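K.L.:
Predicted model and sequence follow; I will ask about them next.
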Amino acid sequence: MVLANDHDFRSWVSELKNKIRSAQIKAAVKVNTEMLRLYWRMGADICEKQKMASWGDGWLKDLSRELMNEFPEMKGFSYRNLKYIRQWFRFYSKRITFGQQPVAQISEEIFFSVPWGHHLYIIAQCKDIDKAIFYLNKTIEHGWSRAVLLNFLDTDLYERQGNAVTNFDKLLPDPQSDLAVQTLKDPYNFDFLTLDGEYRERELESALTQNITRFLLELGTGFAFVGRQIPLEVGDETVYPDLLFYHLELRCYVVVELKVSKFKGEHLGQLGVYVSAVNHIKKKPTDNPTIGLLICKTKNNVMAQYALEATNQPIGISEYQLSKLMPEKMKSQLPTIEDIESTLSDNEF
């Protein structure tokens, strides 16, 4: 009998492989955690010796040479990485004292679970500890890869999240209201599109759906794409909302309407009809109320807030931007992929 063709055998082997992969992930996380705890203690020692000892300017290079000679199998003791460790400890130790009640809003478990390469990107781009902690928490909450983290760092997610003008606090129950506010951003970054000059709303809509993976990444965790221009029968008429999503955490439909012009109050009337239609036609009894998201080229926040007060549908209003170039000065401060990979070749997670 060839066991490879036996269903029970293949099923058992598949289950065993999953257990092994799970064990590998847990082991990698544990190794990363212990490594970061070591780096934290080393950072504290290095900073303390820097203040107390009189060994001259080159002692960190001497320390690196001593450690690499003693532990040749470990890749984290290069002079460059010791400087990163010192910078990392100095940055966070202003607000965090592990072993005591932390001042910053992050647990010790989360802090030491974030991979070292992620930490390097965060301290390179974040000058504010609250901002850095935001990205640390999001990394663990959503399992961000290094590439995804860098994307959100580059596009200023911290500054944009929760900034849309909404009426959710008046029209949605708690806690859905708070979660919905934090789910939306302002502005949305569409720099993955290649639209030049004048373009119409249908062209913007088409470009976004053709790049739906990038669009979903920009919208954030929880958005599932339902469709574009889905027909909704309203009496003897048919309406076609630009884009329809379902949010898995909010447990509701999200109708997205795109405008390539400045926000106008009359835009909300059209979107409000779409939201109401989805509530009547698509929404299940177990779903929360549908929300609308109007994404326009520019907006006057005061005008947007006034317009929202005149509608009885939960709607958020945001802007979008098509390009955002990172300043050259900031680029020069970032560790390169080569820097990180050469330092952490034995610590990939």
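P.N.:
Now that the structure is in, tell me what you want to look at.

K.L.:
Give me the contacts around stretch 228-240.
P.N.:
For stretch 228-240, contacts defined as Cβ atoms under 8 Å, 6 or more residues apart in numbering pick out 205, 209, 241-244, 273-274, 277-278, 281-282. All C-beta spots, glycine's among them, are computed from the backbone N, C-alpha and C.

K.L.:
wait, I meant stretch 138-147
P.N.:
Contacts of stretch 138-147 (Cβ under 8 Å, 6+ apart): 110, 113-115, 117-118, 121, 149, 152, 157, 221.

K.L.:
Look up which helix or strand residue 320 falls in, please.
P.N.:
strand 315-321 (DSSP states H and E).

K.L.:
Now do that strand: which elements does it pack against?
P.N.:
Strand 315-321 makes packing contacts with strand 165-166, strand 188-189, helix 267-281, strand 291-298, helix 301-309 when contacts are defined by 3 or more Cβ pairs under 8 Å, 6 or more residues apart in numbering; DSSP states H and E.

K.L.:
Helix 267-281 and that one, what's the angle between them?
P.N.:
120 degrees (axes from the mean of the first three to the mean of the last three Cα atoms, to 10 degrees).

K.L.:
Quick check: which ranges of this structure have low pLDDT?
P.N.:
Scanning the chain with the threshold set as pLDDT under 70 gives 1-6, 9, 22, 24-29, 99-104, 323-349.

K.L.:
Give me the longest strand you can find in it.
P.N.:
Ranked by residue count under DSSP state E, the longest strand found in the chain is strand 252-262.

K.L.:
Can you list the strands that that one pairs with?
P.N.:
Strand pairing for strand 252-262, determined by DSSP bridges: strand 243-247 (antiparallel), strand 291-298 (parallel).

K.L.:
Pull the number of nearby residues for residue 262.
P.N.:
Counted by other Cβ atoms under 10 Å, the residues lying close to residue 262 total 13.

K.L.:
So residue 319 sits against residue 187, correct?
P.N.:
Yes. Contact criterion Cβ atoms under 8 Å: residue 319 and residue 187 qualify, at 4.0 Å.

K.L.:
which residues are common contacts for these two?
P.N.:
Joint contacts of residue 319 and residue 187 (Cβ under 8 Å, 6+ apart) do not exist.

K.L.:
nearest to residue 136, of the contacts of stretch 228-240?
P.N.:
residue 243 (31.6 Å; Cβ to Cβ).

K.L.:
Show the contacting residues for the closest one.
P.N.:
205, 208-209, 225, 227-228, 255-258 are the contacts of residue 243 under Cβ under 8 Å, 6+ apart.

K.L.:
And residue 120, how far from residue 109?
P.N.:
Separation of residue 120 from residue 109 (Cβ to Cβ, to the nearest Å): 20 Å.

K.L.:
Let me fix that, I meant to ask about residue 267.
P.N.:
From residue 267 to residue 109 the distance is 45 Å (Cβ to Cβ).

K.L.:
which one of those two has more residues nearby?
P.N.:
residue 267 (20 against 9).

K.L.:
who's in contact with that one?
P.N.:
257, 259, 294, 296.

K.L.:
was I right about residue 129 contacting residue 88?
P.N.:
No. Residue 129 lies out of contact with residue 88 (Cβ under 8 Å); the separation is 11.8 Å.
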